[in-house]
Every structure is written in structure tokens, then in C-alpha cells.
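Peer 1: Got a predicted structure plus its sequence, pasted below:
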Amino acid sequence: MKKILIVVVAILGLAACNRAPDPSEQAKLRTKENTTVFEDKAVTDANQSVQAFGEAMEAFEKGDKEAVSRHLQSGIDALVNEGKGMEGEVKTKLERAIKRLERLREEFQQGKVATADDLMNAISEAENDVPHKLLSGYYEEEVEPQKN
């Protein structure tokens, strides 16, 4: 009796596994050609300040003081350039952050070694209010079905 019960349960289980729910109307209409496409465009022209500050951090980790100073200055110059169109409170915050970076650069040149955290915080504060292409590299596009 137990064997018959086990066989019946097994047959019912197998039969239930073979049944898939019917696709919805929306799923029936979905094809490869008419779905939403998300693309990740490669950013090849990132903001110059981002590149310069990244190089400054790499040089800092290697202990190359001259390169750190040089990259910090080019990053500061790029930030000034990127912030030209800004106005109001955002511009004021950026100017303050740039002054902090300049002060850190001068201290670094005088041999007062800032920590990596100090440098990173100053860079982050300065970069925070500048629009970046890196943050806007994604877009969404609706693709219509192709007519055969």
C-alpha cells in the first residue's frame, strides 16, 4: 500500500513539474526587437580633474611627491575650468574646496605630508559639486519592432 501511495505521489509530482504557466499577453508580445535597451557608453573623455586627481592619488601611494604636486595642480586648474559656468552657493563651495586643495598642495610641497584620507577628502569635496560625464554615461532607449 505504501509503495502504491509513493508511486501515485511521484506521478503527480512529475505531472505538476511538466506544467508551466501560460505566458501573459505582455510576455507574448515581448520580442528581442521591442524590448527596452540599456547601453553603457564608454567614457573616454572623463573630466580632466577626475583624471588628474586619480593620478595624484596613485603618485601619493607610490610616494612620488613631485608627481603628486604636479597632478594636484593640474587637477586644481581643471576644476577651476570646469566650474566656470557655476553660480551662487555651488560656486562658493567649489571655490572653498579649491582653496583647501591649494593649501594641501602647498603643505605637501613644504614637506608636511598630508595623509591619504586628507587628500581624498579634499578631492571629494571639490569634485562633489562639479557635473561629471562619468555619472551621466547611461541612457535608456525604446526600440521599436522591426518590420519584415
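Peer 2: All right, it came through fine. Numbers count the residues shown, from 1 in each chain.

Peer 1: Quick one: residues in contact with whatever helix or strand residue 59 lives in.
Peer 2: Using DSSP states H and E, the element containing residue 59 is helix 48-62. For helix 48-62, the surrounding residues in contact (CB atoms under 8 Å, 6 or more residues apart in numbering) are 67-68, 71-72, 74-76, 78-79, 81-82, 116, 119-120, 123, 126-127, 130, 132, 134. In this view, the C-beta of every residue, glycine as well, is placed from N, C-alpha and C.

Peer 1: Show me the helices in the chain, by range?
Peer 2: Along the chain, counting by DSSP state H, helices occupy 2-17, 25-29, 48-62, 65-82, 88-109, 116-127.

Peer 1: and the ones you listed, which one's lowest on average pLDDT?
Peer 2: Within those, the least confident segment by mean pLDDT turns out to be helix 25-29, at a mean of 68.

Peer 1: Could you check how many residues crowd around residue 126?
Peer 2: 25 (other CB atoms under 10 Å).

Peer 1: can you count the residues close to residue 52?
Peer 2: A count of neighbours around residue 52, defined by other CB under 10 Å, yields 21.

Peer 1: quick one: it from residue 76, how far?
Peer 2: Residue 52 sits 8 Å away from residue 76 when distances are taken as CB to CB, to the nearest Å.

Peer 1: cool, and residue 68?
Peer 2: Per CB to CB, residue 68 is found 12 Å from residue 76.

Peer 1: quick one: which of those two has more around it?
Peer 2: With neighbours defined as other CB under 10 Å, residue 68 and residue 76 compare such that residue 68 has more, 25 against 22.

Peer 1: Hmm, residue 108 and the more buried one touching each other?
Peer 2: Yes - Residue 68 is in contact with residue 108 according to CB atoms under 8 Å; the separation is 6.2 Å.
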